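> Model the structure of this input:
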Amino acid sequence: MHTLPLILNRPPRLDTTSIFRPHGRFHVRAEGQLLLTDVTGPWNRELIEHWAQQARQIAIGFSPDRPYIGVTTVHESILCPADALNRIQRALEYSKTNLSCLANIIIAADDVEGRDLVIDKYQRIGLDGFFADATSATAWAFNKLREYQSNSRAS
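Okay, the predicted model is just below:
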C-alpha cells in the first residue's frame, strides 16, 4: 500500500469563535484507498474542526474512480461533548456528498472508555460500521471497495 508522506497533526490555528483549545490528539494519513485516522480521546469540537480540515486536504486527492473509506481508530476514550458529535456528523455527511467517500467506520477496542455508551449515537449520525479490531474493520473496508469496483465495472 502506498502511504502519502503527509502527516498532519500540527497545532491548529486559533479559532477566534471558540473559547476552548483543542483537546485530544489525532494523526491522519492515506494508505491506498483508506483514509486512516488515529485519535486519542476524550476530544472536543475544536479538535474535530482541526481534524476535519486536515482530513479534507487528503481526501480531495481521491476521485470517483478511486474512492476511499474513512477508518478511524480510537485510543483511550471515545467520549466527547454533544457539539463535537454534531461536528462529526457534519463531517460524515460532507465526506459522502462532496468527496469520494464510500463509507466511514470506527475501530474502538473493548477497553476504550465509553465505547458501549456511544455505539448507538455514532450509528445514528451516519457511521457505517463500528468494529472492535482492525482485522475485521479492514476486511469490511476492502470488501466494500471490491464491491464498489465490481459494480462500477458492471455499469
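
> ranges for the helices of the chain?
Along the chain, the segments classed as helices by DSSP state H run 45-59, 82-98, 115-124, 134-154.

> so how far is the first residue of stretch 34-51 from its last?
End-to-end distance of stretch 34-51 (CA to CA, to the nearest Å): 16 Å.

> what mean pLDDT does it have?
Stretch 34-51 carries an average pLDDT of 96.

> Apart from its chain neighbours, what residue comes closest to G126?
Sequence neighbours aside, L92 is the residue nearest to G126 in space, at 4.3 Å (criterion: CB to CB, 6 or more residues apart in numbering). Yep, even glycine has a C-beta here, placed from its N, CA and C like the rest.

> check contacts around P42.
By CB atoms under 8 Å, 6 or more residues apart in numbering, the contact set of P42 is 23-24, 76-80, 113-114.

> Need the helices of the chain in CSV (columns: distance to R66 and mean neighbour count).
Compiled in CSV, the helices of the chain are given as follows (distance: least, CB to CB, whole Å; neighbours: other CB atoms under 10 Å):
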stretch, distance to R66, mean neighbour count
helix 45-59, 11, 20
helix 82-98, 15, 16
helix 115-124, 26, 14
helix 134-154, 10, 14
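
> Go through the ones you listed and name the closest to N104.
Comparing the helices of the chain against N104 with CB to CB, the closest turns out to be helix 82-98 (5.3 Å).

> got a list of contacts for that closest one?
The contact list for helix 82-98 (CB under 8 Å, 6+ apart) reads 43-45, 47-49, 51-52, 55-56, 59, 70, 80, 101, 104, 121-122, 125-127.

> Report the angle between that helix and helix 115-124.
Angle, helix 82-98 to helix 115-124, by axes from the mean of the first three to the mean of the last three CA atoms, to 10 degrees: 40 degrees.

> looking only at pLDDT, what's the mean for helix 82-98?
96.

> Next: stretch 138-150.
96.

> contact partners of that stretch?
Contact with stretch 138-150 is made by 33-34, 67, 69, 71, 102-103, 105, 129, 131, as judged by CB under 8 Å, 6+ apart.

> Pull it out as CSV, backbone CA atoms only.
Output in CSV follows, covering the C-alpha atoms of stretch 138-150 (Å, rounded to 0.1, in the frame of the first residue of the first chain):
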residue,chain,number,x,y,z
THR,A,138,-10.1,-3.5,7.3
ALA,A,139,-11.7,-6.8,5.9
TRP,A,140,-15.0,-5.0,5.8
ALA,A,141,-13.4,-1.9,4.2
PHE,A,142,-11.6,-3.9,1.5
ASN,A,143,-14.8,-5.9,0.8
LYS,A,144,-16.7,-2.6,0.4
LEU,A,145,-14.1,-1.3,-2.1
ARG,A,146,-14.1,-4.6,-4.1
GLU,A,147,-17.9,-4.4,-4.2
TYR,A,148,-17.8,-0.8,-5.5
GLN,A,149,-15.2,-1.7,-8.1
SER,A,150,-17.3,-4.7,-9.3
